[in-house]
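>>> Model the following, please.
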Amino acid sequence: MGIRHLSDAHVASFLRQFGSALNDLLEDQLLSLSLLRTGEGEFIFLTKCHHIISDGISLSLLWSEVLSRSPSLYVSANCCDTATLE
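Alright, predicted model coming up:
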């Protein structure tokens with residue numbers, strides 16, 4: 001999904017809403033992955049996972065695998081605070 005036309009404030013608002021929305025086990029997916037294009041060669045990879053299908057170890061393995069594919073990725077535990085992994 002392309003969101004290049006949105007301002008930074010709108011993108012941050014969208015990410016906060018995405019992250020804070022509660023999952024309904026009867027209606028929602030247990031695992032959701034989205035790739036948002038924010039600019040030329042810039043993307044946000046969103047994941048949302050219900051705790052019923054994951055734990056700290058499985059999430060750690062998933063992110064280790066994702067990050068091993070591209071050392072230039074940035075990771076954010078919070079949609080508004082970003083840290084560079086080196």
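
>>> going forward, measure contacts and count neighbours with C-alpha atoms only.
Noted.

>>> Quick check: chain neighbours aside, which residue is closest to the most centrally placed residue in the chain?
In the chain, the residue lying closest to the centroid (Cα atoms, centre = their mean) is residue 46, at 2.2 Å. In this structure, residue 46 finds its nearest non-sequential neighbour in residue 34, 5.0 Å apart by Cα to Cα, 6 or more residues apart in numbering.

>>> Quick check on the one you found: phi, psi?
phi -140, psi 140 (degrees, to the nearest 10).

>>> Next one, pLDDT for it please.
Listed pLDDT for residue 34 reads 83.

>>> Please, where are all the strands along this structure?
Per DSSP state E, the chain carries strands over the ranges 31-39, 42-49, 74-78, 81-84.

>>> And those, which one averages the lowest pLDDT?
Among the strands of the chain, strand 81-84 carries the lowest mean pLDDT, at a mean of 38.

>>> Quick check: closest non-adjacent residue to residue 47.
Using Cα to Cα, 6+ apart, the nearest residue to residue 47 is residue 33, at 4.7 Å.

>>> Contacts only, for the one you found.
Neighbouring residues of residue 33 by Cα atoms under 8 Å, 6 or more residues apart in numbering: 45, 46, 47, 48.

>>> Okay, it and residue 66: tell me how far apart.
Using Cα to Cα, to the nearest Å, one gets 12 Å for the distance from residue 33 to residue 66.

>>> any shared contact partners between the two?
With Cα under 8 Å, 6+ apart as the test, residue 33 and residue 66 reach no residue in common.

>>> and for stretch 36-56, what are the contacting residues?
By Cα under 8 Å, 6+ apart, the surrounding residues in contact with stretch 36-56 are 1, 2, 3, 4, 19, 23, 30, 31, 32, 33, 34, 35.

>>> what's the span of that stretch from first residue to last?
Stretch 36-56: ends 25 Å apart by Cα to Cα.

>>> how far is that stretch from where the chain is centred?
Computed by Cα atoms, centre = their mean, to the nearest Å, the chain-centroid distance of stretch 36-56 equals 2 Å.
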